[in-house]
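Student: next one to model:
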Amino acid sequence: MRKRIIIGAAAAIPFAGLLALAGPLAASAHVHVSPESAPPGDYATLAFTVPTESATASTVKLEVDFPTAHPFTSVEYQPIQGWKAVVTTSKLATPVKAQGGDITQAVTKVVWTADPGDGIEPGAFQQFIVSAGAVPDTGKVLLPATQTYSDGSVVKWNEPTPASGTEPEHPAPTLYINDTPPADPDQGIVAATSSAAPVAAGSSTPLSSSSSDSSAGLGLGFGIGGLGLGVIALIVAALAYARAGRRPGAAAAVGDGSSGGTSGGSSAAPSAGPAAGPAAGQGD
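Tutor: Residues are numbered from 1 along each chain as shown. Okay, the predicted model is just below:
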């Protein structure tokens, strides 16, 4: 009985650990861009992180729309093995004034398509990296993304994040330029920097991860809750173990085992003497 209690308590600890890991993973599953801010006039290396949320289908296509009201004149992609990329340049309906003159055409879309048999499998993610510039002189630009799965389902990441920082269900990747990124509502609870920040190709400087991921605090909360459940289970098991040792039946069993009687539980102690005799004889 006591052995089963101890085993149950031990099993609760890894279960709590799984809860701790599952929370942050589930909370961070959305398409986002890193870094989340860039100065105007420069070229920026942007990494779109795309996780596969489906448990049965792979991500086979990603489309990212670039703005036309505040356009990027140049967008170049980093090749990815197993994927083809197409950059679409369109004529703007209304020319945009810039320092170097009017902009009449600009990059409006980049589409990545997986080769047959390739894709982002369930439980995995992929980064799609571009060099975009010049960064327009504006507050922020939305970079809506469309994710297509191998089963034909489509998820559009196109909802703007409000100034409060509370993310909608499908937030659009957003690059903040002159505007300040929204405050993270969980920033008072969680203040951590990932040590595994993505690194742009040909650069040793990590790209800063998005600090406006308000779901990170929720994921950590699930993790702490899971660990708490494990600790509670361990305490309950310890109390049950102590109570089992104080029961009359358990005490009688312990007394019978130490009395040197003929019961099967006490036969090991008397047998020690005969076993030692032959060993001593062999030594002589």
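
Student: how far away is the nearest residue to residue 77 once chain neighbours are set aside from residue 38?
Tutor: Among residues not flanking residue 77 along the chain, residue 85 sits closest, at 4.6 Å (Cβ to Cβ, 6 or more residues apart in numbering). Bear in mind the C-beta positions are built from the backbone N, C-alpha and C, glycine included. Between residue 85 and residue 38 the distance is 21 Å, computed by Cβ to Cβ, to the nearest Å.

Student: which one of these two is surrounded by more residues?
Tutor: Remark: of residue 85 and residue 38, residue 38 carries more neighbours, 19 against 16, as counted by other Cβ atoms under 10 Å.

Student: the more buried one against residue 175, yeah?
Tutor: Yes. Assessed by Cβ atoms under 8 Å, residue 38 is found in contact with residue 175 at 6.0 Å.

Student: what do these two both touch?
Tutor: By Cβ atoms under 8 Å, 6 or more residues apart in numbering, residue 38 and residue 175 have these common neighbours: 44, 46, 135.

Student: what about residue 37, distance to residue 171?
Tutor: Relative to residue 171, residue 37 is positioned 16 Å away (Cβ to Cβ).

Student: more crowded one of these two?
Tutor: residue 171 (25 against 19).

Student: dump the residue contacts of that one.
Tutor: So, once contact is read as Cβ under 8 Å, 6+ apart, residue 171 ends up touching 30, 32, 157, 159-161.

Student: and it, what are its bridge partners?
Tutor: Beta-bridge partners recorded for residue 171 (DSSP bridges): residue 159.

Student: one more: the one 4 residues further on?
Tutor: Going by DSSP bridges, residue 175 is paired in beta bridges with residue 141.

Student: neighbours around it, how many?
Tutor: Residue 175, neighbours per other Cβ under 10 Å, totals 24.

Student: check contacts around it.
Tutor: 33, 36-38, 44, 46, 135, 140-141, 143.

Student: redo that, cut-off 7 Å
Tutor: By Cβ atoms under 7 Å, 6 or more residues apart in numbering, the contact set of residue 175 is 33, 36-38, 46, 140-141, 143.
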